[in-house]
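Q: What follows is a predicted structure for the sequence shown.
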Amino acid sequence: MDNKDLQKTASQVRRDIVRMVAAVSSGHPGGSLGCTDFLTYLYFEGMKHNPKNFLMDAKNEDVFFLSNGHISPVLYSVLAHVGYFPVSELSTFRKLNSRLQGHPSTDKKLPGIRMASGSLGQGLSVAIGAAITKKLNADDSIVFSLHGDGELQEGQIWEAAMYAAANKVDNLIATIDYNGRQIDGDLEDVLSLGNLEAKWQAFGWDVLSMNGHDFDSIRDTMQTAKSKLGNGKPIVIIMKTEMGQGVDYMMGTHKWHGSAPNTQQLESALNQLEETLGDY
Amino acid sequence: MEFEILGNKDTRSGFGEGLAELGRTNQNVVALCADLTGSLKMDEFKKENPERFFQVGIAEANMMGMAAGMTIGGKIPFTGTFANFSTGRVYDQIRQSISYSQKNVKIAASHAGLTLGEDGATHQILEDIGMMRMLPNMTVIVPADFNQTKQATIASAAHNGPVYLRFGRPVMPIFVKPDAEFIIGKADVLTEGTDVTIIACGHMVWKSIEAFKILTEKGISVELINMHTIKPLDVDAILKSVKKTRCVVTAEEHMRNGGLGDAVAQVLAQNDPLPQEFVAVNDKFGESGTPMELMTKYGIDTADVIAAVEKVLARKK
């Protein structure tokens, strides 16, 4: 997909995100907007997968695990547009009897979701487990995961990081959404991660970095990451992003991590985001 | 009825044998262990299937998440550590990544209850049955002896869905036949009787057999049920039995709150309200001591089962 088409899709995904959270006055727009470009790239270009025939076992296809489950709006919109389920279903987000739970779940059998997430810190272990099973099955497809930077404050992440390096889980590409903000404020003020790159290196990972809002940077880095698979080291990409990317008043602050816009704010957001593929 | 003692072994060794057999018969079975391979008797599986054994180190949360992920692609993971570190320490990981996500993980939990012994209360979990039976989608199995633990291990692999398999450390008499059929959710009625129903699980089944012998000598007709599956509970077996006996004693190596006794009390309250006495640890942490000393001190010995039977018979109208 060329950058123009990716941008077109990402613009529609961003419109979906703000409309979805505004409709139910709840949800997490900030991180969703920040990871829109990455997930658009991953599902429309970076991954080998079967949206029309979703199978839990994911044999011979790439899999993605969203560890920071609160940014479900962006995942749901991308999954819908790439063909896992009807785009119209986005209107049910967070409503009673919906398959689109506040945080992703397998409980309601939504195609595209293989693991519940929401309680933070669990997705890297899950991704490692799935990667090991791929190796046991002689399946050379790839496991991808995404984690919030605040999520790295959970201890389980570092248990998993230690395991993957010690056991050469090298069919896994983890990405960190490094936006520097969390619910209570700036990450530096809440609990600093210190030198994040040095931490992952010290744990034995191959560390790459990219600009999460530049499709060339995302594409180049993902291709580099793929070229490093099978080298005996797990791979992590530290992805610099802006929480709230694309909506001016949501950027530069942590305040839109978990708050939905009101009617006026929604209108202002939609004025900044072009409707490219048609609203749901 | 005579109970022939077929030998003396620990239930954890039954798990080890069952897992080894699964290693030979089912290529999808994998095992993970958090630095307690010897204690869990997983050595044989490890030796025979090194490529399917995963040493995760002292990192139980990661082990549970990895096990959940390994099911994607068809593996059947067994996690191995003490019951304390298999439940309380990793409750949220089990809840979200295994139970809510409906993953086919088997949680093998050894050294459960007071009979872990000298290590003391930090390791003697008495709340695990309660925690696990509260989780939707979870099956909870507490086998009674070595043979039954082996059978339950093999049955767990054939069951599609999360299973909590609880067993222990001490050497105890073996009385279940090696070729007995084990069906998850189907209780074993060990003796038929008309005066009182004793419903027990785990090590307390043997203690209840001892009590049965003494009560029989006293002329009390005991129906003894080995309730090896706590969830799903065999409601039919309970109701059928109490229809005859009109009173119940439950016996478990667990806290009174949340365990087998609670599960049985719910069934009675909703279907056939009857007197029930509870042989269980009553809202206390354990302490260091030998397994048998602790069972006596904390009120889950043979004498406690007998006393509970006498009490419930006195309450019976």
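A: Yep, it's here. Numbering: from 1, shown residues only, chains lettered A, B, ... in the order given.
Q: okay, residue 192: pLDDT?
A: Went with chain A since none was named. In this model, residue A:192 is scored at 98, pLDDT.
Q: meant chain B actually
A: Confidence at residue B:192, expressed as pLDDT, is 98.
Q: how much space is there between it and residue B:261?
A: Residue B:192 sits 22 Å away from residue B:261, going by Cβ to Cβ, to the nearest Å. No exception for glycine: its C-beta is placed from N, CA and C like everyone else's.
Q: So the two - more neighbours on which side?
A: Between residue B:192 and residue B:261, counted using other Cβ atoms under 10 Å in any protein chain shown, residue B:261 has the larger neighbour count: 24 against 13.
Q: Which other helices and strands does the helix or strand harbouring that one contact?
A: Assignment of secondary structure by DSSP states H and E places residue B:261 within helix B:260-271. Using 3 or more Cβ pairs under 8 Å, 6 or more residues apart in numbering or on different chains; DSSP states H and E as the contact criterion, the elements in contact with helix B:260-271 are helix B:128-133, strand B:196-200, strand B:229-231, helix B:235-245, strand B:248-255, strand B:276-281.
Q: Chain A is nearest to which of those?
A: Set against chain A and scored by Cβ to the nearest Cβ, the helices and strands packed on helix B:260-271 come closest in helix B:128-133, at 15.8 Å.
Q: Who are the packing partners of that closest one?
A: Checking 3+ Cβ pairs under 8 Å, 6+ apart, helix B:128-133 ends up next to helix B:83-86, strand B:139-141, strand B:163-166, strand B:229-231, strand B:248-255, helix B:260-271.
Q: Please tell me how far the closest residue to residue B:297 other than its chain neighbours sits from chain A.
A: The shortest distance from residue B:297 to any residue other than its chain neighbours is 6.9 Å, reached at residue B:289 (Cβ to Cβ, 6 or more residues apart in numbering or on different chains). In this view, residue B:289 and chain A are 33 Å apart by Cβ to the nearest Cβ, to the nearest Å.
Q: a markdown table please, covering the helices and strands packed on helix B:128-133 and showing distance to residue B:222.
A: Converted to a markdown table, the helices and strands packed on helix B:128-133 look like this (distance: least, Cβ to Cβ, whole Å):
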| stretch | distance to residue B:222 |
| --- | --- |
| helix B:83-86 | 29 |
| strand B:139-141 | 24 |
| strand B:163-166 | 25 |
| strand B:229-231 | 21 |
| strand B:248-255 | 9 |
| helix B:260-271 | 16 |
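Q: Turn these into CSV, including mean pLDDT.
A: Putting the helices and strands packed on helix B:128-133 into CSV (pLDDT from 0 to 100) gives the following:
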stretch, mean pLDDT
helix B:83-86, 98
strand B:139-141, 99
strand B:163-166, 98
strand B:229-231, 98
strand B:248-255, 98
helix B:260-271, 98
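Q: Ok, which of those comes nearest residue B:5?
A: For the helices and strands packed on helix B:128-133, proximity to residue B:5 was assessed by Cβ to Cβ; strand B:248-255 is nearest, at 19.2 Å.
Q: Direction included, what does the closest one pair up with?
A: Using DSSP bridges, strand B:248-255 pairs in its sheet with strand B:196-200 (parallel), strand B:276-281 (parallel).
Q: Measure how it sits relative to helix B:235-245, angle-wise.
A: Strand B:248-255 runs at 130 degrees relative to helix B:235-245, counting by axes from the mean of the first three to the mean of the last three Cα atoms, to 10 degrees.
Q: and of the helices and strands packed on helix B:128-133, who's closest to residue B:45?
A: Relative to residue B:45, the nearest member of those by Cβ to Cβ is strand B:163-166, separated by 14.5 Å.
Q: helix or strand right after that closest one?
A: Next helix or strand after strand B:163-166 toward the C-terminus (DSSP H and E): strand B:171-174.
Q: hmm, who's touching that following strand?
A: Contacting residues not belonging to strand B:171-174 are listed as B:5-11, B:145-147, B:203, B:206 [Cβ atoms under 8 Å, 6 or more residues apart in numbering or on different chains].
Q: Might you report the residue contacts of residue 116?
A: No chain specified, so I'll use chain A. Residues touching residue A:116, when contacts are defined by Cβ under 8 Å, 6+ apart, comprise A:69, A:103-107, B:96-97, B:100-101.
Q: Wait, chain B was what I had in mind.
A: When the contact criterion is Cβ under 8 Å, 6+ apart, the partners of residue B:116 are B:82, B:123-124, B:168-169, B:291.
Q: can you list those in TSV and add distance to residue A:58?
A: Converted to TSV, those look like this (distance: Cβ to Cβ, whole Å):
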residue	distance to residue A:58
B:82	33
B:123	38
B:124	41
B:168	38
B:169	39
B:291	45
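Q: Between these, which sits nearest residue A:63?
A: residue B:82 (32.0 Å).
Q: which residues touch that closest one?
A: Residue B:82 sits next to B:36, B:39, B:109-112, B:116, B:123, B:125 when contact means Cβ under 8 Å, 6+ apart.
Q: switch to 7 Å and redo it
A: Contacts of residue B:82 were listed using Cβ atoms under 7 Å, 6 or more residues apart in numbering or on different chains, and they are B:36, B:110-111, B:123.
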